[in-house]
Structure formats: structure tokens, C-alpha cells
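Trainee: Next input, structure requested:
(chains A and B)
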Amino acid sequence: MNHWLTILTLVPFIGGFIVAALGAERKNLVRIIALATSLIGLGGALCMWMHFDAKSGGLQFIEKFEWVKSLGIQYFLGVDGLGLLMVLLTAIVTPLAILASWNVEDRPHVFHALVLWLQAGLFGTFTALNFFHWFLFWELGLIPAFFLIKLWGGPKRGPAATQFFIYTMVGSVALLLSFLVIRLATGSFDFIDLAGMAKSGELNTKLAAIMPWVSWKSNIGLIVFFGAFLGFAVKVPVIPFHTWLPAAYSEAPSSVTMLLTGVMSKMGVYGFLRILLPIFPEQIREMLTPLLWLAVATIVLSACAAFAQKDLKRMLAYSSINHLGYCLLAMFAAASVATGVTASDLQKAAALDGALLQMFNHGLTASALFLFVSLLEKRTGGLRGLDDFGGIRKVVPVFTGLMGISLFSSLGLPGLNGFVGEFLIFKGVFPLEPWAAAISTIGILVTAIFLLTLIQRIFCGPLNERWAKLPDLTTAERLLVLPSIALMFVLGIWPQFILGAVDATVMKLVQQLNF
Amino acid sequence: MIWIVKNLWLIPALPLVASGIIAVNKQPKRKLAAGLAIGSMVAAFLLSLCAFAATLGHHGGEHGAFREVFGFNWIQFGGQWMDLGWVLDPLTAIMLVMVTFVGTLIFIFSIGYMAHDQNFMRFFCFLALFASGMLGVVIANNLLLLFISWEIVGLTSYLLIGFWYHKPSAAAAAKKAFITTRIGDLGLLLGMVWLYAETGTLNFYDHGKGCLEASALSQMLAHATIGGLAVSTAIGLLIFLGAVGKSGQLPLHVWLPDAMEGPTPVSALIHAATMVAAGVFLVARVYPLMAAGALVGEHGAPVTTALTVVTWVGALTAIFAASIAVAQNDIKRILAYSTVSQLGYMMMGLGVGGVAVGMFHLITHAFFKALLFLGSASVIHGCHEEQDIRKMGGLKKYMPITFAVYAVGMLALSGFPLFFSGFWSKDEILHAAHGWSVSQIPFYLGCTGALLTAFYMTRQVALVFFGAYRGHEKESSHGHSAHSHSHSSESSHNHDPHESPAVMTVPLVILAGFAIVLGFVGTPAWPWFDGYLTGEAIKLDFSKLAETAGLMGISALIVISGLTLGWILYGNRQRKTAGEKDVIEAAVPAIFKVLQNKYYVDEFYDATVIRFNAFAAWFCDFADQWIFGGLVLIVKYITIGLAWLYKFTDEYFVNLGFDVGCDSLRQSGKGLSHLHAGRVQTYLRIIGVALVALILFLIWGHKP
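Mentor: A predicted model of the protein is given here:
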């Protein structure tokens, strides 16, 4: 038995303590050690990617020990294509975020320690398979994020951080209660076991049995599902549980926003894929129509709301909600029972493959976009209103070109990474749920409208004389954005790099949904 | 498989590589940029010729036209591979040759036109990327690959319309173009995923398994969807929506005239010759789908719901745009509306006559419209960036070569009988429309459109090239004429229009040659083009000419009357000043105003679609802040209220009770403490009394 996953999570965890212990004085050392730690994480994730057997699609790098036997708690780690993909994404985005926050002068040791602990929380969440320690990591991710917003954020950081914390806390409590009920009914916290019970129908019987005296016992499963759903819906977020997000994303320092949107928003989608779909397929099916409409509303309303924003970060925040809405659409459609659809397993696999691809691509692109915003803010002293600029393409052509590529990637231009995921989602969802897919295309259109408006307002038109001396990207900054841009092209042209690794896992998930 | 099929990908790849290399090089390396772009296009042209040669010589063969496909695995989902690939058939080959040839000429022309531009390199980078995307559209044997290339073409169109991004109008036009075409693209996307769901493949041809081949088509025909439409029809219409956006058909035509904000070679290449024709090409490519389940009409052309829609949209667009062109004053906008109108003819040709009819007009139009746009570029260049035809005039004298080639282009576009390509290709469309079994109205619309085309082109040429030059008006009004003769001639020499350099005129002359000779490959007597595309045997048969002579006569008559009318109104009576009212404006001001304002379609969209979009955005933002945010606020205040209530009850009920309890406890403690005073005598006394009481109780109290 190996301990790769434990080590992977421990590296940033311990790194955080080292960085914190160095103190506020040794700023450069703090930064270098933080970066080195995150690069070790990246190396480890890449190593695992190389050694991952993509053909099987099952759980690998498994670690499983009895922990508290009487409570059914085991220490159970493992990754399949889904978990590994998220680990890789976390490992890629974190060093970029650390580099983007290189110029944090206020208590850099605490800042970087918090970033590393956040990474540890994320690694732990994406690898844990027992609810007990999975939940610990899930919450562990929340605390550093709260302090990063609260201490280093913008002018309205206080309310934003509190709102963020309370929202996610309420979701977490609902989630915890649901799992306590499940634990009570089944005696298990193990995701894989529970999924098996769900497939055999045992889970529902057991849930109904815990309160035999009530008349609505068949609905207990549904109530438990809603609790868990709330926990993830807040995190993704699903409209109407999203109002914390624009405030948090725009008030957090941009490098933290990179992590929030790049990886933390994936925790919710990951939860849906790892927990809700396998454990509650029947409940999702029962509530399919309202859930689908929630997904469609998330896609369309958030795109429209983005168009109304005047603050660059708020606009991108809403765009982020919109992009994850497609993942929701794909996941709910994959749970539907489609009658008369030829090869419905294939369609479901296409939709879920698309959702996974979309998660990775969104993480890459959205974090790159916030990176560009942070570079812009650095030059303008924090100014980032849509109307504060105009014509700056003339003075910063390289910045314009590279950010333009990222924007078009976000818009889903074929040839860049964003397209294939969206295509696969629509390819899969359309035969299963044609109307939901058709209405969701409005989101694609409105995304194009607001992103092009962004380009028009900021980069085109006559040069705003105030920015006549705006410096273009330095060589170091170009190198910083280069990996993301290169990946956008690579994944746009050769998405098989990711699909090959996740497809077998997705097929297993589809099997899990059929009963 | 012959080598050219296997290596067909090189044709789009070459310009793509050129574009990439130019993109990563630092400015200014003009020669490198132009050399790479043009070199890659020439190489692509030579390869296209090889491909073209491979498809020749299959007339009348047993297997119909030449068709070879090549596929490769791209992505995997659900355990299955999805293929991408390319196809070489006559449709591909003829488009390849046209795009690379016209493209090469326009690239060369651009060296001259863009010579003074700061961003010369970026221009060639975008042009090469465009060529790559367009060639990708042409060779794709897969709707997804076609869509990918199609969007890349849309991107380059966006970038090139907004090339002079510092002009707000250019930036706005670029955005409008991208978004308007994207509306159509969403239809195409839905059509594509539906097609994929129905047939399980997106390959057009795949040795019997492709989605355009018999088994897939019959499968789709068997299904019915909403309103009793066959699935194939519904998919066909969705795909057609993509073509409507790209080819500027009603009601998504609004972007194309605005696209003239881009540099004129771009207008020639992208917004006249190639990209806007991609919509027509797409319909031609999926024609088997459009025509699936047709009852073959009496003249042999299939009639289906999908093709009927294509015909009507095309016919209405043709006359609609032609009528607008009559009242425009910008030399490029006239050509832009003319392009919209001609694209309408192509669609109509596809609808009533099939692939060969529509494609023939596409090819001839590409040459003469590129010629006209480049000619107008030469005019604009010569007139110091002036685009208003009212301020031109008399350029025949100053720009003889441009005038000659422009005249050829104008006659070809008008469809002047016998010697110009436009005549033959347009005549074929009108002929097919005449024989259309559904309705005769498209035929009459087409004829009226032809009349208008001849008229507005005559108006344009008369105002630009004939009469006296009106561009000096400003100077003369400032009293320049009072200066000495020598000075005056010198200053007028500086401001006179001038002929363009050879790098610009030579491509024009070559295009003019093709605008004439291309017509002869598709005459009724020798319909080589038809035979080439369909793979049927053809022979030279002059008797066919006689059969169609009646219709040809009518069409010739229409064209000539349009030319004459135009000449009478504009050539004979030249306007004296730029500010003078237009002849039609003077006669029927109300109609002229409607035409000049393009039937107020933009205003209509502003008032409806744009306003609705703004409202939706406002509403969603409002809902976020006040409805969802309000709910959160309510929850917050409820929580705060509850907390306050708890505090209140704590202080005034719980605590009060607690305090009272404490007090009484203290009091009773005090009382009890008297008992606990530590005096042994008291304790003994109490014990004694208790003992007595116990004994008395045991004696009398206990009753068995």
C-alpha cells in the first residue's frame, strides 16, 4: 500500500506551517518557499497523472485504514479520473495564484500559509472517500478562504467575507445533517459503499426504516437529498443560492479569486459528481424537471446579469456562474431516464465527459482571466471599471492579445479549450432533454455579447489619455501567463489529453446511474 | 488512395502555420509577413490545382462524381471515438481553387493597399488565419470540423472588421458582425447535435455510414417531430439558420453592410468572395439532407420544405437588398448590399435548381465581386480615402485601368448578355426559378432584382467615373481658384485622384479576365460545371441554346433596360455638386428615404431585440440585488430579530427567573445555615426529639 495521496495533502499543509513560522520579515524567502511547496504539489500531481491507469477508470492510489471502528469511520483515500483531474487542476492553479500574489506586502507569511492550507484542503477534498474526513477537508478549505478575503480584500471585504462564510456554513450544516441521517440509517460514511447501496435500492429502504412511525417515510430520502443538495448548490453555485459569489469574487484579492473560481467552485460540481449523482440518483430523477430548470436559469440569468455589470471582476464572476451552469445541466440530464433515445448511455457519457472537461477548462480560463485582471489592477492602482478604460489596445498590445485569447476561450471559440466541453455537453444533453439544451444556448449568445462588449469598452475605441503611459506586460509577466495560454491551445486542439483519462471513469458513473 | 487526398490537410495548414509564425514575430518585418502569407497561399493554390486535377475526368463514370474521404480519431467519449476528416469531391475542389486563387490575388493587392498601415504584420497574420479557416470549412468531411473552421472564420472576420479598432464605428461593427452571425451559429450548433443524436455520426460521407448517405437519410425521414416535420427537415432548417447568419440573409443581414468598416481588401476577400459565401457552400454541402424525401418535380429539381424555405429566403433577400442599394451613397455599402442580394440569388439557385446552379453563381460572383471591391479600394485609395460617390466623378480620366476593370466587373454583376460570366450564372438561376413547381413568385422577384442590380450599378459607375471630378469643391470654395495658374495646377495635381500602383492593378486585370471567361464553363450549350459537380456526362449541344433562348432574351432585355434607365437618370444628367439631391430623392422623397435608411431594420432591432436584451440584463441584475439578495436580507434580519428576541427573553425572563431563583436560594440557605450552627446540644436535642417521634410512630403508626 502506498501513501501518495496522504503525502500530497501533507506537503502544502506542512508547507503552510513552515511559511507561517518564517515571520513577516523574510518576505522573499516566504514567497520562494510557498512557491516551491506548490511546485512540489504540481510535480506530485503530474507524477500521479503519468502513473494513472486511464483504461480501468476505477479508484487508484487507494489508502484505507480503520479509524474509529465503532462509528464506521475509515481513513479512505483514492482517486479516479474525476478526482485526479481536480487534483491536477488544483496543482496547476495554486502556483499561478502564488506567483500572482508575489507583491503582497502585508503579512505575506500569513497570506501564503493560508493559500497553502487552502490547497491542502482542496487536495484532501478531492481525494477523500469517507464522509468523515472528507467533510473536515471541505471545511478546512473554507476557513483560509474566509481569512484571505477578510484580511486582504477590497473595501467591502468585511460583509463579503461574512456573507461567503455564512452561506457556505449553512450549506455545510445541511450537508452534515443529511449525512448524519444516512449514517444513522446505514452505519456507513463510505461514499463507495453508499453508492452501491443506492444502486441496489437498499439505501432508500434503510432511510425509510429509521422513522417507521411517520407517514411520510418514503420522503425521507428526498429530504436528506435536499440537505446534501443545498451544501453543494451553495458552493457551485446554483441560482438562487449564488448571491455571495459576486461579492466574494470581486472583494477578494485577484490571486485569491483565481483560487476561488479556478478550484473552489469545482468543489461543488465535484460533490455533485462524486456524491449526489451516485448516492441519490433516484431522488434526482424524481426532482428532475425543477432541477433542470434551475440549471437553465443558472445559465441564462447569470449571463444576463453579467451583461449588466460595470465592474470587470463582477462581470467575470457572473460569467463563472454561467459556465458552471453547463456542468449542472449535463449532470442533471445524465440522471434522466430518456425514453426512445438511441444509445442513451453514450449521450450521458458525452454530457458527463463534457462536464468534466468544462470543469477543467473553466478552472484554467477563469483563473487566467482573473490573473489578467490582477495585472491590470497592479498598473491602475485597483481601477477595474468597464468604463474606466478605452482604447488601451494601442498601448498594451501584448496584454490585449493574450487576454483576448483567454476571453475567446471563455466564450467557447472552437480551437481553444472552452469549446469542446460545451459541445460535448450540448451533444449529450440535447437528445436527453432537448428543450433545456435549446434554451441554454441563449447563455452562449449572451456570453458572447458581454465578453465582446468588455473587449469593445476596454480595448477598442479612442485611447483614454489617462492611460497613455500604461506599461505593457513585462517578460516575467508574459512567462507567468504563458502556461495557461499554451494549455488553452493544447486542450482546444487535443482535448483527448483529458478525455482519455476521464472517459473510463465517466462510463463507470453512467453505469452507476442505470438501474 | 491518392496522395493528394491523404495530404489535403496541408492546404489549410500552410496558411495556419504562416499565420502562427507571423504572430510570434516582432513588428516590423513587413517583407517576412507578406512573403509568408502569400507564399503559403501560392503553395495552397498549387496543391488545390492538384486536388482539382484529381477530380477531373470522372464525367459519366459509373460511380458518379469523384469522392474520396480521409478520417482520423479525434476525441473519445463513452468508449467511442469521434472522427474528424476531410473529403475531396468536385464541390471541395472547385471551392479550394477559387478561395486560394482569389485569396492570393487579394493578398498581393493588400501589399499595396496596406503599405502605410502601422499594423501591416497583424493584418497579414489575420488574413492568413482567415484563409486557413475558410479552407478548413471547404475540405471538412465532418460537420464538427466544419463548425470549428466556420467559427475561426467568424473570429477573423471580427478581428479584421475591427482592424482599425480605434474607430468606435469599426469596433461596434465588429461586435455586431460576430454576434449576429452567432445567432445563426446557435441554430447550426443545435442542428449539429440533433443530427449527431439521430444518425450517430457527423461525417458527411463515410463509405455508406455518413450522415448524408442513404441509410442515415432514410432513418431521419422516418422520424417526425413537432408539427409533423420530418427530422431531416427540422435539422436542415436549423443548419440553414447558420447559413442565414453567415451569408447575410434576411433577417440576419444587418451585419454585412456594417462590416465595410474593415479595410477594403478584407471586404473583398471575406465579405464578398469567400466567407459570406460559406453559408451557401454549407447548404450545398448538406444538400442531400435538405433534399431528402423530395418528390422530384417536373424539371428534375427536388422540392422539399427545407428547400422551399431556402428559396423564399433567398428570393426575398435578393430583391430587398437590391432595392436598398439603389439609395446608398457609400461606394462600399452599395457593393455590400449588392453582395447580400447576390447571396440571395445563390440561395434561391440552390433552392430551385440544386447544387450546381447555386454554386456556379457563387464561383462567378466571387471573381467579379472581388474585382469590384478591389476596384473600389483602388478608387478609394486614389481619392484619398473618400468613399462617398457624390464626391467623386470623372475618375475615368485619372484612373483608366481601374475604370476599365471596374466596368467589366459592373457588367458581369449586372449580367450583361453573352460576354460576361454573371449573365450565364444568373440566367441559370432564373431559368430554374421559372421551372420551379411550387410558385412563380421567386422568378418574378429575381427578375425585378436583376433590373435593380443593373440600375444601381449603372448609377454607381456613372457617378464615380463619368462627369467631372467633384472632390475639389472644398478647396475651390476657399478661394483657391483665385491663385495664379501654375499654383492652382500644382495644388490640383496634389489633390487629384491618382491611378494605383501595379501591385494593385495587376490582380485587378487578372480578376477581370476571369469575370469574363468563367461564364463559358456553364452555358446551356456546354454545361460543363453541372456535369463536373454531378458527375454526369456532358456534350456540346448548341440546340440547348435555342431552347432557352426565350428566357435568355427576357433576362437580357431586363438587364439592358436597367442599364439604360440608370444611364438616363445618372449618366446623361450628371450632378453638378456633391450636395445636390439625388434624382430619385427629388422625385419620390418618401420612398428614397425609406430605402436610404434600409427599411429601418436596424432601428427596428434597436427598439426590440437590443432593448429587450438590455432589459433582461437590467432585470437579472435587479433580481440578483433585490429579489435573491432581498431574500438573503430578509433571512438576515429574521436571524438578527431572533437573536434580539433571545437576548430579550434571556434578560427579562430566563435571567429574571434565574435571579429570583438565586435570591430565594440564598435566603433559604441563610435560613438553613441557622440550623447548621455547630452546637452539639442542639443537634442532640433534635436527635432526641426525632427518636421519640420515631418510636411513637412505630408503636401507634404501624398498623399491620
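Trainee: any idea how far the helix or strand encompassing residue A:151 is from the chain center?
Mentor: Element membership for residue A:151, per DSSP states H and E: helix A:131-152. Distance of helix A:131-152 from its chain centroid, counting by Cα atoms, centre = their mean, to the nearest Å, is 14 Å.
Trainee: Which positions within the one helix or strand residue B:656 maps to qualify as buried?
Mentor: Residue B:656 is located in helix B:655-675, with elements delineated by DSSP H and E. For helix B:655-675, the neighbour count (16 or more other Cβ atoms under 10 Å in any protein chain shown) marks no residue as buried. C-beta here means a position set from N, CA and C on the backbone, and glycine is covered the same way.
Trainee: quick one: average confidence on it?
Mentor: What helix B:655-675 shows for mean pLDDT is 79.
Trainee: And the next helix or strand after it, how far out from the chain middle?
Mentor: Scanning forward in sequence from helix B:655-675 by DSSP H and E, the next helix or strand is helix B:680-696. Average the C-alpha atoms of helix B:680-696, do the same for its chain, and the two points are 112 Å apart (Cα atoms, centre = their mean).
Trainee: So for helix B:680-696, mean pLDDT?
Mentor: For helix B:680-696, mean pLDDT is 83.
Trainee: And the closest residue to residue B:436 other than its chain neighbours, how far from chain A?
Mentor: Distances taken as Cβ to Cβ, 6 or more residues apart in numbering or on different chains put residue B:352 closest to residue B:436, at 4.4 Å, once the chain neighbours are dropped. The gap separating residue B:352 from chain A is 31 Å, by Cβ to the nearest Cβ, to the nearest Å.
Trainee: surely residue B:352 meets residue B:439?
Mentor: No. Applying Cβ atoms under 8 Å as the test, residue B:352 and residue B:439 come out as separate, 9.8 Å apart.
Trainee: And these two? Which one has more around it.
Mentor: Shown here are residue B:352 and residue B:439; by other Cβ atoms under 10 Å in any protein chain shown, residue B:352 has more neighbours (33 against 15).
Trainee: how about the helix or strand encompassing that one: buried residues?
Mentor: Assigned by DSSP H and E, residue B:352 falls within helix B:331-353. Buried positions in helix B:331-353, judged by neighbour count with 16+ other Cβ under 10 Å: B:331-353.
Trainee: Can you list the low-confidence ranges for the stretch 251-400 of chain A?
Mentor: Under the criterion of pLDDT under 70, the regions of the stretch 251-400 of chain A flagged as low confidence span A:338-342.
Trainee: Could you count how many residues lie near the residue of chain A found nearest chain B?
Mentor: Ranked by Cβ to the nearest Cβ, the top residue of chain A for proximity to chain B is residue A:349, at 3.0 Å. Neighbours of residue A:349 under the rule other Cβ under 10 Å: 25.
Trainee: ditto for residue A:2
Mentor: Residue A:2 has 10 nearby residues by other Cβ under 10 Å.
Trainee: if I've got this straight, it is in a helix?
Mentor: No. Counting by DSSP: H, G, I helix; E, B strand; the rest coil, residue A:2 is not found in a helix; it is coil.
Trainee: can you tell me how far it sits from residue A:48?
Mentor: To residue A:48, residue A:2 is 10 Å away according to Cβ to Cβ, to the nearest Å.
Trainee: hey, what's in contact with both of these two?
Mentor: Common contact partners of residue A:2 and residue A:48 (Cβ atoms under 8 Å, 6 or more residues apart in numbering or on different chains): residue A:61.
Trainee: Buried residues of stretch A:49-69, list them for me.
Mentor: Of the residues in stretch A:49-69, A:49, A:52, A:54, A:57, A:59, A:60, A:61, A:63 count as buried by neighbour count, 16+ other Cβ under 10 Å.
Trainee: In contact with residue 275, which residues are there?
Mentor: I went with chain A, as the question did not name one. Contacts of residue A:275 by Cβ under 8 Å, 6+ apart are A:191, A:228, A:232.
Trainee: oops, I was thinking of chain B
Mentor: Residue B:275 is in contact with B:130, B:134, B:153, B:157, B:246, B:269, counting by Cβ under 8 Å, 6+ apart.
Trainee: what do you get for residue A:256?
Mentor: A:97, A:101, A:115, A:145, A:148, A:149, A:152, A:153.
Trainee: Quick one, grab the pLDDT at the second one.
Mentor: pLDDT, the model's per-residue confidence, is 87 for residue A:101.
Trainee: That one is in contact with residue A:111, isn't it?
Mentor: Yes. Counting by Cβ under 8 Å, residue A:101 touches residue A:111, with 6.7 Å between them.
Trainee: more crowded one of these two?
Mentor: Comparing residue A:101 with residue A:111 by other Cβ under 10 Å, the one with more neighbours is residue A:111, at 28 against 23.
Trainee: To which secondary structure element is residue 377 assigned?
Mentor: Since no chain was named, I'll use chain A. Here residue A:377 is assigned to helix A:344-380, by DSSP H and E.
Trainee: wrong one, chain B
Mentor: Using DSSP H and E, residue B:377 sits within helix B:355-382.
Trainee: same check, this time on residue A:77
Mentor: Assigned by DSSP H and E, residue A:77 falls in strand A:73-79.
Trainee: The helix or strand that comes right after that strand: how far from the chain's middle?
Mentor: Going down the chain from strand A:73-79, the next helix or strand is helix A:81-100, by DSSP H and E. From the chain centre to the centre of helix A:81-100 is a distance of 10 Å (Cα atoms, centre = their mean).
Trainee: quick one: average pLDDT of whichever strand or helix holds residue B:102?
Mentor: Residue B:102 is located in helix B:90-113, with elements delineated by DSSP H and E. Averaging the model's pLDDT scores along helix B:90-113 yields 90.
Trainee: Residue A:86 is in contact with residue A:266, isn't it?
Mentor: Yes. Counting by Cβ under 8 Å, residue A:266 is a contact partner of residue A:86 at 5.9 Å.
Trainee: shared neighbours of these two, which are they?
Mentor: Common neighbours of residue A:86 and residue A:266 (criterion: Cβ under 8 Å, 6+ apart): residue A:359.
Trainee: show me where pLDDT drops low in chain B?
Mentor: Using pLDDT under 70, the flagged stretches of chain B are B:1, B:27, B:58-64, B:295-300, B:473-495, B:675-677, B:701-704.
Trainee: Mind telling me which residue of it is nearest chain A?
Mentor: Closest to chain A within chain B is residue B:78: 3.0 Å, counting by Cβ to the nearest Cβ.
Trainee: Was I right to think that residue contacts residue A:354?
Mentor: No. Checked against Cβ under 8 Å, the pair residue B:78 and residue A:354 is beyond contact range at 11.0 Å.
Trainee: For residue B:327, list the residues it contacts.
Mentor: Residue B:327 sits next to B:582, B:584, B:585, B:592, B:595, B:596 when contact means Cβ under 8 Å, 6+ apart.
Trainee: Provide a list of residues in contact with the fifth one.
Mentor: Under the criterion of Cβ under 8 Å, 6+ apart, the neighbours of residue B:595 are B:323, B:324, B:326, B:327.
Trainee: repeat that with 10 Å
Mentor: By Cβ atoms under 10 Å, 6 or more residues apart in numbering or on different chains, the contact set of residue B:595 is B:323, B:324, B:325, B:326, B:327, B:328, B:337, B:584, B:585, B:588.
Trainee: Mind telling me the two of those farthest from one another?
Mentor: Across these, the longest distance by Cβ to Cβ is 19.0 Å; it joins B:337 and B:588.
Trainee: Tell me the gap between the strand holding residue A:77 and the middle of its chain.
Mentor: Chain-centre distance of strand A:73-79: 22 Å, with Cα atoms, centre = their mean.
Trainee: Go through that strand and flag the buried ones.
Mentor: Going by 16+ other Cβ under 10 Å, strand A:73-79 has these buried residues: A:73, A:74, A:75, A:76, A:77, A:78, A:79.
Trainee: Now for residue A:462, how many residues are close by?
Mentor: Other residues close to residue A:462 by other Cβ under 10 Å number 13.
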